[in-house]
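Student: Just the structure for this:
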Amino acid sequence: MTELFPTPSIDTAFTRQFGVRCPILCAPMFLVSTAELVVDVCRAGAVGTFPAHNFRPIENYRAAIQSVRAGTDRAFGINIIVQQANRHQQQQLEIALEEKVPLLITSLGNPKEVIRLAHQAGTKVYCDVVGVEHARKAADLGADGLIAVSYGAGGHAGTVSPFALIPLLVRQTGLPVVAAGAIGDGAGMAAAFALGASAVYMGTRFIASRQAGVSDDYKQAIVAADCEDIVNTAKVDGFPGNFIRNRALEEIGIEPGLLETLISRSKHISRWLSLARAGRALMGEGMQKGSYKTVYSAGHGVGMIDRVAPVEEIIAQTMREYFEIREQLPGDLAAGEKP
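Tutor: Below you'll find the predicted structure:
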């Protein structure tokens, strides 16, 4: 049998925190992230995650955690929306802590209570952030790490270039930073580490995997798309996100209407309404015009994906590419020295 990992492990703050050999975190994705996907990512040496709202009713959520536990003894994580629209967040948190989930990822809200309770249970908390202000607040609350959601990421992405956001977060907070945004191979990993990241967040690449819980049409749309096919629109669920341009998306509409344009002039109102609408949509209480089963979320990294592959192969290839790229760098850079 061919060895999946002919390369050495990578030592970072992230891999030390979770006892893994690959500084890769498979992003929690709505509909995409199944228990099987999480287990196979963990078995391949990385960290698999899923969104809590992928499994409803709540009994299915606990069963999913137990299924992952039965499949692997390695670290995995759960994403919880800490926003008022998620009426189940307290239950989701309590069950995750009862089941001793190693990592919680917060998004779309204030992580204060999650961090407080998680730390009492010995669970790490990483927070999605799109800017320095939010990152500082998360750090002050005691977050164990940050997910730098940069421009080009799939779904509800940030607007700041990773070349600015990642080093700023590292410098301003001193926390381990996971780089998110168009990373799908070893080159992206090498670039993220050069910017100071401790791990990479890979989402879109794992949609085009055998274990992803979506249709073949979605997977093939990822393979067929180029980065120019990704459009950013708030028309899907009220919060600006990146999606593949297709007929279903065009039927919903892409350009903002008059009301949305007027609201956007007030940063506070626009942010509040967007978060509320996004939360409702993700919790199954929105998306009246379309469905995430036909409107395909994806990041700019689609242009580098040319086939569907098993997750273990994706991870192994990413690791091999990273070490090959390191060997090709000028000697001083490969050694980690400043040029």
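Student: low-confidence ranges in this structure?
Tutor: 1-7, 255-291, 331-339 (pLDDT under 70).
Student: where along it do the strands fall?
Tutor: Secondary structure of the chain (DSSP state E): strands located at 24-26, 47-51, 76-81, 103-107, 124-129, 145-149, 177-180, 199-202, 230-233, 241-244.
Student: would TSV of those strands with distance to residue 117 be doable?
Tutor: Where you see a C-beta, it was placed from the backbone N, CA and C, and this is true even at glycine. Formatted as TSV, the strands of the chain follow (distance: least, Cβ to Cβ, whole Å):
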stretch	distance to residue 117
strand 24-26	22
strand 47-51	19
strand 76-81	11
strand 103-107	9
strand 124-129	9
strand 145-149	17
strand 177-180	22
strand 199-202	24
strand 230-233	35
strand 241-244	29
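Student: Spatially central, which residue of this structure would that be?
Tutor: residue 27 (3.2 Å; Cα atoms, centre = their mean).
Student: what's the spacing between the spatially closest residue to that residue that is not a sequence neighbour and residue 183?
Tutor: Ranked by Cβ to Cβ, 6 or more residues apart in numbering and with sequence neighbours excluded, the top spatial neighbour of residue 27 is residue 203, at 3.4 Å. Distance of residue 203 to residue 183, given as Cβ to Cβ, to the nearest Å: 9 Å.
Student: what's the burial count for residue 43?
Tutor: Look at residue 43: counted by other Cβ atoms under 10 Å, it has 17 neighbours.
Student: residue contacts, the closest residue in space to it that isn't next to it in sequence?
Tutor: In space, and not counting its chain neighbours, residue 43 is closest to residue 72: 5.6 Å by Cβ to Cβ, 6+ apart. With contacts taken as Cβ atoms under 8 Å, 6 or more residues apart in numbering, residue 72 has the following neighbours: 39, 42-43.
Student: quick one: which of the residues you listed is nearest residue 142?
Tutor: Nearest to residue 142 among the contacts of residue 72, counting by Cβ to Cβ, is residue 42 at 25.6 Å.
Student: Test my guess that the closest one contacts residue 69.
Tutor: No: using Cβ atoms under 8 Å, residue 42 is not in contact with residue 69, being 10.5 Å away.
Student: So for the two, which residue has more residues nearby?
Tutor: Neighbour comparison, residue 42 and residue 69: the larger count goes to residue 42, with 24 against 15 (by other Cβ under 10 Å).
Student: And residue 203 and residue 183? Which one has more around it.
Tutor: Neighbours were counted for residue 203 and for residue 183 using other Cβ under 10 Å; residue 183 has more, 31 against 26.
Student: Which residues are in contact with that one?
Tutor: 189, 191-192, 200-202, 205, 301.
Student: now swap in residue 179 and tell me
Tutor: By Cβ under 8 Å, 6+ apart, the contact list for residue 179 reads 148, 150, 162, 166, 188, 192, 195, 197, 199-201.
Student: What's opposite it in the beta bridge?
Tutor: The residues listed as beta-bridge partners of residue 179 by DSSP bridges are residue 148, residue 200.
Student: ok, back up a step: could I get the contacts of residue 183 in JSON lines, plus columns for distance to residue 115 and neighbour count?
Tutor: Shown next, in JSON lines, are the contacts of residue 183 (distance: Cβ to Cβ, whole Å; neighbours: other Cβ atoms under 10 Å):
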{"residue": "189", "distance to residue 115": "28", "neighbour count": "27"}
{"residue": "191", "distance to residue 115": "29", "neighbour count": "18"}
{"residue": "192", "distance to residue 115": "24", "neighbour count": "26"}
{"residue": "200", "distance to residue 115": "23", "neighbour count": "28"}
{"residue": "201", "distance to residue 115": "19", "neighbour count": "28"}
{"residue": "202", "distance to residue 115": "25", "neighbour count": "30"}
{"residue": "205", "distance to residue 115": "29", "neighbour count": "29"}
{"residue": "301", "distance to residue 115": "30", "neighbour count": "24"}
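Student: The residue nearest to the centre of the chain contacts residue 206, doesn't it?
Tutor: Yes: using Cβ under 8 Å, residue 27 is in contact with residue 206, at 7.4 Å.
Student: now for the contacts of residue 183, which pair is the farthest apart?
Tutor: Pairwise distances across those (Cβ to Cβ) peak at 14.8 Å, for the pair 191 and 205.
Student: In this protein, where's the longest helix?
Tutor: When secondary structure is assigned using DSSP state H, the longest helix within the chain turns out to be helix 311-328.
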